[in-house]
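K.L.:
could you work out the structure for the sequence below:
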Amino acid sequence: METGLLTLGDLLPDPNTGICRTESERHRTLVEQGVLAEAIGMDAIHLGEHHGSSYQLSAPPVVLAAIGERTERLILSTGVTLVANLDPFRVAEDYSTLDVLTEGRAEIVAGRGAIYARTFEIFGQNPEQSRELYADHIELLLKLLREEDVHSAGLRPLNGETSRPRPYGELPVWVGGGSSTASVDLAAKLGCPLMLPSVFAPPAAFKPITDRYLEEWQRHGHAGKPVVGACAHTHVANDSQIGVKQFGVWYESYWSWVLKLIKSYTPDSPGIVFDYEALQDGPAIVGSPAEAVDRIEAAKEFIGLDRMIFMFDLGGIPDENLYSTIELFGKEVIPKIQ
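P.N.:
Numbers count the residues shown, from 1 in each chain. Just a heads-up that it's a prediction; the model follows:
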């Protein structure tokens, strides 16, 4: 199983001290995490994308290019690229440029981003068209990456255009989704790998999703086994109880902010209550390295994962705590799950 590091780049103060990084410091932390991910033996770095909020990552291909200059083999990926909001021609240009600069290490995880509906307003779009925009844009993006002289009569019309530069190799595009069957069916139809939004629910909740994905994959006549990924909020410490207590402060701060953000961007979204114990039993992996290995192996076997990405960076966690838990994960967990 491949492993990766995920960060969304939230800019929050440490709830223990009130200290908050500057925007420059925050972006440097993102680059350092990529360098560290390669050093501890991970396969990929995944950067999120948000607009108009305290999530600092609004230009992931730029930050990925900086990481690419300081790494040699790391897959430079996203989590997720907001394909519904962005112009697919521009996305093809940006990530193909990253691909040629790094000789074939670029990757895209394409998402709809519907949980933050106001993003569509920022880009002058109607959020009620999110599904239609997403399907249209991702299909056009795939054509642009794979073909020249592309024509399209969809929402983003093209008349025989070729995006430049061309990708260095076959630039992989994942579909990020699983909260609805529409994204799963789209991934299967297009023959794309599927990245599950598993920070929101325990692995068991996604078993029906992966079963459907496999069925749809086979129905569309694709060869081989489809590729599935998942993600988890993660924190490990040598002493499990200390790790759980320590991470709980940052985690509660992060979730409190996220839930307010979702409500401000999507006022009619259902309310969610922060329940640390339930999250530990579900989507979050918190505890000792041995406990983390057990949780990861269980999810890997239950869902059939090909890649799992881990998000350590959230809630204003200071750099020293962030880097130490990533290093411990690399030393004690990664060798036992790959």
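K.L.:
enumerate the positions of the longest helix belonging to the chain that are buried.
P.N.:
Taking DSSP state H as the criterion, the chain has its longest helix at helix 240-265. Residues 240, 243-244, 246-251, 253-255, 257-258, 261-262, 265 are the ones in helix 240-265 that count as buried (16 or more other C-beta atoms under 10 Å). C-beta coordinates here come from the backbone N, C-alpha and C atoms, glycine included.
K.L.:
for D319, see how far away the closest residue to P226 other than its chain neighbours is.
P.N.:
Leaving aside its sequence neighbours, P226 sits nearest to W217 (C-beta to C-beta, 6 or more residues apart in numbering; 4.4 Å). Separation of W217 from D319 (C-beta to C-beta, to the nearest Å): 41 Å.
K.L.:
all helices of the protein, in order?
P.N.:
23-39, 60-69, 88-101, 118-122, 130-146, 181-190, 207-219, 240-265, 276-281, 289-299, 319-332, 334-337.
K.L.:
a markdown table for these, including distance to P13 and mean pLDDT?
P.N.:
As requested, these are exported to a markdown table (distance: least, C-beta to C-beta, whole Å; pLDDT from 0 to 100):
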| stretch | distance to P13 | mean pLDDT |
| --- | --- | --- |
| helix 23-39 | 12 | 98 |
| helix 60-69 | 22 | 98 |
| helix 88-101 | 31 | 98 |
| helix 118-122 | 23 | 91 |
| helix 130-146 | 32 | 97 |
| helix 181-190 | 34 | 95 |
| helix 207-219 | 36 | 95 |
| helix 240-265 | 8 | 91 |
| helix 276-281 | 20 | 85 |
| helix 289-299 | 27 | 95 |
| helix 319-332 | 14 | 98 |
| helix 334-337 | 30 | 97 |
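K.L.:
dump those helices to a markdown table, plus distance to R156.
P.N.:
A markdown table is the format used below for these (distance: least, C-beta to C-beta, whole Å):
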| stretch | distance to R156 |
| --- | --- |
| helix 23-39 | 30 |
| helix 60-69 | 19 |
| helix 88-101 | 6 |
| helix 118-122 | 15 |
| helix 130-146 | 6 |
| helix 181-190 | 16 |
| helix 207-219 | 25 |
| helix 240-265 | 24 |
| helix 276-281 | 38 |
| helix 289-299 | 37 |
| helix 319-332 | 39 |
| helix 334-337 | 40 |
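K.L.:
among those, which is nearest F312?
P.N.:
Comparison of these against F312 by C-beta to C-beta identifies helix 319-332 as nearest, at 5.5 Å.
K.L.:
list the contacts of the closest one.
P.N.:
5, 29, 32-33, 36-37, 39-42, 234-238, 243, 246, 289-290, 292, 310, 312-313 (C-beta atoms under 8 Å, 6 or more residues apart in numbering).
K.L.:
same thing but 6 Å
P.N.:
With C-beta atoms under 6 Å, 6 or more residues apart in numbering as the test, helix 319-332 has contacts from L36, I40, G41, H235, V236, P289, F312, D313.
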